[in-house]
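Chemist: I would like to see how this sequence folds:
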Amino acid sequence: MDNLQGINKRRNYFIDREFQTKFILKFCLLVVLAGVITTGILYFVGKRSTTVSILDSRVIVRSTADFLMPILIQTVLAVLVIMGLATIIITLLFSHKIAGPLYRFKKAIEGVKLGNLSANFHLRNYDQLKGLSSEVNAMIDKTREQINLIKADVANLKVKKGNISEQDIEELDKKLNYFKT
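Modeler: Numbers count the residues shown, from 1 in each chain. So this is what the prediction gives:
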């Protein structure tokens with residue numbers, strides 16, 4: 001049954017729309033820039049030579065650049081469209097591997113900010129930032145551990161009530177001073 005839910009689950013590729021849109025547009029701009037540079041280089045290289053063609057029984061002599069420019073522009077536009085679509089798909093999928101973990105980091109940090117230290121932070125195997133995930137989990141674990149020690153000390157102090165020693169207070173103070181404020 002879980003597999004069916006996974007299959008029917010709608011995938012949301014835009015997790016952080018602003019980040020992913022800028023990411024995709026930068027790569028698409030790179031593809032367009034490559035096409036413009038390619039066209040410019042071929043035009044300037046072709047300007048140095050001439051081409052003879054026969055059109056409607058007439059002999060026409062033009063620079064190679066002028067002769068090839070219409071074909072070159074059509075070819076570059078077709079390649080730009082195909083490569084632009086491929087770039088959009090690839091960068092969308094790649095940005096998803098970054099934006100997804102960043103979104104989960106944000107949610108985990110919001111949970112910690114609200115005092116929820118009950119769960120660890122997990123990423124999928126193919127997500128980026130797995131090393132940072134381990135560090136966030138270590139931080140949550142250590143904080144949880146320190147808070148549990150303080151809770152245990154407070155519970156012991158409640159049991160002792162009037163018999164609280166200076167050593168008990170120093171021990172609790174030492175555990176509280178673990179946190180730098």
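Chemist: just say helix, strand or coil for residue 115.
Modeler: coil (DSSP: H, G, I helix; E, B strand; the rest coil).
Chemist: ok, now residue 112?
Modeler: The three-state assignment at residue 112 reads helix, by three-state DSSP.
Chemist: that one - how many residues pack around it?
Modeler: 17 (other CB atoms under 10 Å). In this view, the C-beta of every residue, glycine as well, is placed from N, C-alpha and C.
Chemist: show me the residues around the closest residue in space to it that isn't next to it in sequence that make contact.
Modeler: Distances taken as CB to CB, 6 or more residues apart in numbering put residue 140 closest to residue 112, at 6.5 Å, once the chain neighbours are dropped. Contact partners of residue 140, counting by CB atoms under 8 Å, 6 or more residues apart in numbering, are 108, 112, 117, 120-121.
Chemist: filter those residues to the buried ones?
Modeler: 108, 112, 117, 121 (16 or more other CB atoms under 10 Å).
Chemist: ok, residue 73 to residue 35 distance?
Modeler: 10 Å (CB to CB, to the nearest Å).
Chemist: quick check: domain ranges of this protein?
Modeler: Listed domain ranges for the chain are 1-114, 117-181 (source: automatic domain parsing).
Chemist: mean pLDDT added to those, as JSON lines?
Modeler: Shown next, in JSON lines, are these (pLDDT from 0 to 100):
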{"stretch": "domain 1-114", "mean pLDDT": "81"}
{"stretch": "domain 117-181", "mean pLDDT": "83"}
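Chemist: list phi and psi for the closest residue to residue 127 other than its chain neighbours.
Modeler: Residue nearest to residue 127 in three dimensions, not counting chain neighbours: residue 101, with 4.8 Å by CB to CB, 6+ apart. Note on residue 101: backbone dihedrals following degrees, to the nearest 10 are phi -60, psi -40.
Chemist: so the residue nearest to residue 112 lies in a helix, does it not?
Modeler: Yes. Looking at residue 140 with three-state DSSP, it is inside a helix.
Chemist: tell me which residue is most central in the protein.
Modeler: residue 98 (2.2 Å; CA atoms, centre = their mean).
Chemist: surely that one touches residue 129?
Modeler: Yes. Applying CB atoms under 8 Å, one finds residue 98 in contact with residue 129, separated by 7.3 Å.
Chemist: dump the residue contacts of residue 16.
Modeler: By CB under 8 Å, 6+ apart, the contact list for residue 16 reads 99, 102-103.
Chemist: angles on the backbone of the residue of the chain positioned farthest from its centre, please.
Modeler: In the chain, counting by CA atoms, centre = their mean, residue 57 sits farthest out from the average C-alpha position, at 59.3 Å. Main-chain dihedrals, residue 57, degrees, to the nearest 10: phi 60, psi 20.
Chemist: thanks a lot, see you next time.
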